[in-house]
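Q: Dropping the sequence and predicted coords here.
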Amino acid sequence: MKTILAWIFGVATTVGAHTWTPGDTMAEREELRTHILEEWQRSRMEVASTAASLQLAAAAMAAAADAPETAKPFLPFKRLDLRADGEFLYVGSNGLPDHPMMIGITAWQQQVPLPQSYFGDNAWRIPLKPVPAAQPAMIQGRFLRGAIALAVNGIPIFNPQNNRGEVSYEIGELDRWGGHCGRADDYHYHIAPLHLEAIVGKGEPVAFGLDGYPVLGLTEADGLAPRDLDECHGHEHDGQGYHYHASMKYPYVFGGFHGEVVEADGQVDPQPRAQPIREALPPLRGAEITGFESTGSDSYKLSYEVNDDKRSVSYSIKADGTFPFHFDNGREGTSDEVYTARRQGGGGGSGRPPGGGPEGMKGKGKGKGKGGREGEMRRDDPPPPRPGEESGRPPRPQAAIEGILDVNGDGVVTAQEFTDNAKSNATKKGVAIPEAMARAKEQFNALDHNRDGKLDTPELDELAGNAPVTGAPQPRGEEPPAREEMKKGGGGERGGKGQAFVALPDQPRSSDGKFMLNSPVVEDLQTLPVEFTGDGDGISPPLAWTGAPAGTKGYALIMDHVTPDGDRKWYWTVYDIPSNALSLPKNVTDIGKLGTGFKGEIGYEPPHSKGPGAKTYVITLYALSEPLKVTDKPGREELITAMNGKVLANSSLRVVHSSRESPDSGGNTSVVKNGEQDSSSTRNFAPATSPPNPPTTEQPKGRNGGKGKGGPPGLVKPSIADTIKLNVYADNWFMLYVNGRLVAVDPIQFTPHNVVSVDFLPEYPMTIAVLAKDNADPKTGLEYGTSIGDGGFILKFGDGTVTNATWKAKNFFHGPVNGDTENPQVKHEELPANWWAVDFDDSAWQNAKEYTVEEVDPKQPYFENDFEGAKFIWTDDLALDNTILFRTKIEKPGWTPRWNTKPDLDVSGVPMR
């Protein structure tokens with residue numbers, strides 16, 4: 001199956017919708033968005049420095065030219081995932097349009113728009129070569145479930161009649177755009193979306209029936225009314241081929257299927273399934289929806305009135321799989337509800353449960369909750385049994401804990417995932433980040449009994465309260481008791497006298513219970529033969545796998561390890577492994593493509609752990625729904641980003657390695673210890689009670705006195721758990737300094753289409769200095785020839801620091817003066833020296849001005865990242881001020897670093913003009 005516009009249009013699955021500017025027309029917004037994306041593509045090609053990148057760009061353009069005719073009306077909608085195989089066009093969508101929704105509905109069933117996963121095996125499919133049916137299948141009173149057509153913006157179109165046989169448009173169920181939300185909170189139309197003609201053009205399809213025939217608007221391309229329409233409300237003329245025409249009265253879309261379709265259970269079959277997270281609710285009499293808006297990153301608010309009582313529903317889509325809802329019921333008070341995704345057991349292929357049904361969701365909170373649909377999981381139902389469990393067995397609380405903490409779904413919770421969750425909860429609850437982190441690290445340390453830097457099934461069960469505390473942590477360097485010992489009541493001094501340790505199944509190695517990775521040379525949790533380590537030949541081990549999901553189009557592989565300090569290292573990355581592969585031989589180099597390890601070297605980097613004790617390395621194989629879109633030689637993070645939304649299943653093989661110690665000059669094995677530890681001490685994440693040793697400017701020495709990776713006693717290095725996340729969105733470009741050091745630069749010049757997210761090590765007081773630029777010609781102040789653009793900058797740190805009007809700001813490039821585009825003049829002022837420095841004096845600068853999301857109109861990436869609490873800022877003129885410096889200082893009285901090392905590389909003092 002070939003991918004259409006794989007590079008240009010392969011945008012990752014998103015769960016947010018664009019905001020809109022009320023004064024813009026649909027065509028104006030789409031034209032601007034298209035132009036911005038084209039500029040981004042052009043910039044990407046201009047800066048490409050390798051032949052591979054240029055070939056990739058050429059291939060993408062060639063793919064656009066080769067797109068089948070059916071695909072072309074979908075191309076203006078850049079967020080769609082389009083691919084074809086000669087028989088069908090597959091359209092991937094998150095089910096949310098770019099226009100507002102729900103406004104104007106007067107017959108409302110209390111559902112709200114939530115994103116759907118119409119991707120991969122759950123994508124929409126349109127026949128590329130439709131076949132006329134021997135007898136048309138009329139839709140009146142039939143096909144009352146599911147979609148009958150797909151709009152070219154990826155939104156499904158249902159029968160104009162609802163499932164009760166009433167015409168939705170004629171009883172107030174639809175919004176101004178002809179749509180509403182179904183019982184699964186899935187947005188869809190019930191009439192033809194004629195407003196899309198403003199984007200695709202007169203005479204072009206606004207939709208396609210699921211039989212493959214196009215749906216045109218009210219007129220032909222020449223503006224004349226269509227003639228000689230048949231019973232299906234379609235015709236064929238002037239060599240154009242058969243097509244339907246929409247209408248302003250029934251049937252609104254078309255009257256029946258001219259082409260062949262399969263009818264099953266009252267709908268066209270097959271078609272994607274929506275995934276409900278809430279129960280279906282009854283109609284709310286007297287309600288009228290008055291507004292729908294984005295209130296932040298993946299957060300929305302629907303406003304309505306009931307008998308002049310103003311009410312609203314506010315909700316968010318969280319990265320941890322939860323959906324918090326706040327119901328403002330006006331005079332009746334407020335309530336809250338949190339819905340949490342809960343996978344049903346035994347899922348196959350695409351990750352959906354058996355039978356292809358939607359994932360069950362379970363809610364929790366204080367909301368009342370009404371209704372419910374027969375056959376659906378309700379919020380108070382227990383989850384279905386896991387594979388191998390009896391239905392009468394109570395659910396294991398560990399599953400809920402793992403579902404929230406285990407972000408990448410690999411079956412274990414790392415120190416990074418644990419602390420990220422602690423940071424997120426602290427931000428929500430208003431708890432100080434350092435305090436929350438200290439508690440989280442202490443808790444993680446107490447649970448991580450085998451000192452492997454992650455929590456596996458028994459440890460997670462202890463966290464969930466399903467097993468007693470398992471005694472003191474194992475001393476560093478000692479092997480933990482065997483798992484069978486851990487399961488015995490009172491055995492191995494694990495449960496205390498008289499306590500029976502609850503027998504638990506082994507940690508699942510497969511995400512769906514079927515896809516399984518193995519090796520002929522090592523079993524799970526066993527020692528990796530020396531041939532495949534740094535103590536031997538250092539070649540990659542052989543692997544084999546079975547049970548790949550249906551629809552697998554390829555594989556990717558990552559081998560990684562979390563150090564005792566919480567740092568993640570990766571040793572082997574492979575991608576573009578073909579779908580017909582079932583194994584990798586040892587020392588493989590010619591199957592798939594090799595990425596880089598944590599040292600930046602291409603290929604397999606064999607384990608060669610320092611220090612005593614066994615270390616666990618995890619090899620994970622991912623079955624993918626489509627090839628990955630990566631450039632250059634990716635590492636672990638690049639592969640994980642590229643795999644987002646494409647993983648059908650994964651399976652892990654854990655291997656153990658203990659490196660041989662190097663003898664010292666005396667022939668004895670020597671171990672360099674941390675000054676805070678002895679040979680039996682445990683890792684302690686909590687801040688030291690005594691102040692750290694002062695920083696030293698000397699290079700740390702190795703164990704034999706020379707330069708190396710060791711360090712003197714008392715040397716404390718920071719770990720990844722000490723870092724915080726930084727999210728930045730700039731219209732159009734920025735560079736950012738913290739305490740005089742360069743921390744982040746927008747890698748895509750002058751395109752407001754990306755968010756830069758980095759982890760960095762904070763030190764307080766923290767002086768932040770930013771250079772932000774709008775894309776303006778330095779001679780005219782204009783964009784794209786004769787247009788006046790606007791700016792906007794927003795930032796959020798993981799410690800809660802956000803942009804707002806307390807920041808200092810100064811403009812250094814203004815134009816065109818007075819907005820004169822006919823005779824543009826500009827005003828320039830040189831940037832001051834050392835503007836990024838901590839001691840720079842910005843006291844004479846004015847405060848920044850805050851702007852709303854609607855005024856800046858950011859693109860999709862803004863809504864995919866966390867900017868909660870942050871404000872867009874600029875100077876007084878958002879349109880004419882083009883080059884801005886921002887500064888602020890964050891104080892943290894009493895803060896001291898846990899580490900006492902200092903960086904060797906000086907990256908200060910190198911800003912561009």
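A: Alright, I've got the coordinates. Treat the numbers as computed from the prediction; the structure is a model and nothing was measured.
Q: ok, which stretches of the stretch 701-850 of the chain are strands?
A: Taking DSSP state E, counting those that start in this stretch, the strands of the stretch 701-850 of the chain run over residues 724-730, 733-738, 741-745, 755-760, 766-773, 793-797, 808-814, 827-828, 846-847, 849-851.
Q: May I see those strands organised as TSV, with mean pLDDT and distance to residue 152 added?
A: Just so you know, the C-beta spots here come from the backbone N, C-alpha and C atoms, and that holds for glycine as well. Output for the strands of the stretch 701-850 of the chain, formatted as TSV (pLDDT from 0 to 100; distance: least, Cβ to Cβ, whole Å):
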stretch	mean pLDDT	distance to residue 152
strand 724-730	91	29
strand 733-738	93	33
strand 741-745	90	37
strand 755-760	88	28
strand 766-773	95	36
strand 793-797	94	32
strand 808-814	96	41
strand 827-828	92	45
strand 846-847	96	46
strand 849-851	95	33
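Q: can you list the ones you listed in a markdown table and add mean neighbour count and distance to residue 295?
A: Output for the strands of the stretch 701-850 of the chain, formatted as a markdown table (neighbours: other Cβ atoms under 10 Å; distance: least, Cβ to Cβ, whole Å):
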| stretch | mean neighbour count | distance to residue 295 |
| --- | --- | --- |
| strand 724-730 | 23 | 16 |
| strand 733-738 | 22 | 24 |
| strand 741-745 | 17 | 26 |
| strand 755-760 | 16 | 18 |
| strand 766-773 | 23 | 24 |
| strand 793-797 | 26 | 14 |
| strand 808-814 | 20 | 25 |
| strand 827-828 | 14 | 37 |
| strand 846-847 | 12 | 24 |
| strand 849-851 | 17 | 15 |
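Q: Same list, those strands, but as TSV with distance to residue 136 please.
A: Below are the strands of the stretch 701-850 of the chain laid out as TSV (distance: least, Cβ to Cβ, whole Å):
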stretch	distance to residue 136
strand 724-730	51
strand 733-738	56
strand 741-745	59
strand 755-760	49
strand 766-773	59
strand 793-797	53
strand 808-814	64
strand 827-828	68
strand 846-847	67
strand 849-851	54
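Q: Any idea which of those gets closest to residue 131?
A: strand 755-760 (45.3 Å; Cβ to Cβ).
Q: got the angle for the closest one vs strand 741-745?
A: On the basis of axes from the mean of the first three to the mean of the last three Cα atoms, to 10 degrees, strand 755-760 is oriented at 150 degrees to strand 741-745.
Q: okay, the angle between strand 755-760 and strand 733-738?
A: 20 degrees.
Q: which helices and strands does strand 755-760 pack with?
A: Secondary-structure packing of strand 755-760 (3 or more Cβ pairs under 8 Å, 6 or more residues apart in numbering; DSSP states H and E): strand 724-730, strand 741-745.
Q: between the ones you listed, which gets nearest to residue 646?
A: Using Cβ to Cβ, the helices and strands packed on strand 755-760 put strand 724-730 closest to residue 646, at 23.3 Å.
Q: what sits up against the closest one?
A: By Cβ atoms under 8 Å, 6 or more residues apart in numbering, the surrounding residues in contact with strand 724-730 are 420, 423, 433, 734, 736, 743-744, 746, 752, 754-760, 762, 772, 792-799, 858, 861-862, 865-867.
Q: and if you look at stretch 234-243?
A: 130, 132, 205, 213-216, 226-229, 244-245, 254, 258.
Q: and those, which are buried?
A: 130, 205, 213-216, 226, 244-245, 254, 258 (16 or more other Cβ atoms under 10 Å).
Q: can I get the helices and strands packed on strand 755-760 in CSV with distance to residue 878?
A: Below are the helices and strands packed on strand 755-760 laid out as CSV (distance: least, Cβ to Cβ, whole Å):
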stretch, distance to residue 878
strand 724-730, 13
strand 741-745, 23
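Q: remind me which residues of the stretch 601-750 of the chain are low pLDDT?
A: 609-613, 659-715, 721, 749-750 (pLDDT under 70).
Q: What ranges does it have for its helices?
A: In the stretch 601-750 of the chain, the helices defined using DSSP state H, counting those that start in this stretch lie at 636-643.
Q: The chain too?
A: 26-47, 51-65, 197-200, 397-405, 415-429, 433-447, 457-464, 483-487, 636-643, 853-856, 860-863 (DSSP state H).
Q: between the ones you listed, which gets the lowest average pLDDT?
A: Among the helices of the chain, helix 483-487 has the lowest mean pLDDT, at a mean of 34.
Q: got the domain boundaries for this protein?
A: 2-268, 399-480, 516-657, 720-890 (automatic domain parsing).
Q: unless I'm mixing things up, residue 864 is touching residue 297, no?
A: Yes. The pair residue 864 / residue 297 is scored as a contact, 7.3 Å apart, by Cβ atoms under 8 Å.
Q: Looking at these two, which is more packed in?
A: residue 297 (23 against 16; other Cβ atoms under 10 Å).
Q: show me what contacts that one?
A: 16, 862-868.
Q: could I get those residues as JSON lines with distance to residue 286?
A: Output for the contacts of residue 297, formatted as JSON lines (distance: Cβ to Cβ, whole Å):
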{"residue": "16", "distance to residue 286": "31"}
{"residue": "862", "distance to residue 286": "36"}
{"residue": "863", "distance to residue 286": "32"}
{"residue": "864", "distance to residue 286": "37"}
{"residue": "865", "distance to residue 286": "39"}
{"residue": "866", "distance to residue 286": "37"}
{"residue": "867", "distance to residue 286": "36"}
{"residue": "868", "distance to residue 286": "33"}
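Q: For residue 413, give its distance to residue 561.
A: Distance from residue 413 to residue 561, counting by Cβ to Cβ, to the nearest Å: 15 Å.
Q: And these two? Which one has more around it.
A: residue 413 (25 against 22).
Q: which residues does that one bridge with?
A: With DSSP bridges applied, the residues forming beta bridges to residue 413 are residue 455.
Q: Please apply the same query to residue 287.
A: With DSSP bridges as the rule, residue 287 is bridged to residue 306.
Q: thought it was touching residue 304?
A: Yes. Applying Cβ under 8 Å, one finds residue 287 in contact with residue 304, separated by 5.1 Å.
Q: Among these two, which residue is more densely surrounded?
A: For residue 287 versus residue 304, neighbours defined as other Cβ under 10 Å are more numerous around residue 304 (25 against 19).
Q: Name all residues that make contact with the closest residue to the more buried one other than its chain neighbours.
A: Among residues not flanking residue 304 along the chain, residue 289 sits closest, at 4.7 Å (Cβ to Cβ, 6 or more residues apart in numbering). Counting by Cβ under 8 Å, 6+ apart, residue 289 touches 102-106, 108, 175, 302-304.
Q: From residue 601, how far out is residue 289?
A: According to Cβ to Cβ, residue 289 and residue 601 sit 57 Å apart.
Q: any idea how far the residue nearest to residue 304 is from residue 320?
A: 29 Å.
Q: do the same with residue 251
A: Residue 251 is 44 Å from residue 320, by Cβ to Cβ.
Q: again with residue 825
A: Taking Cβ to Cβ, one finds residue 825 at 52 Å from residue 320.
Q: Same question for residue 275.
A: In terms of Cβ to Cβ, residue 275 sits 17 Å off from residue 320.
Q: and these two? which has more neighbours close in?
A: Counted by other Cβ under 10 Å, residue 275 and residue 320 do not tie: residue 275 has more neighbours, with 22 against 15.
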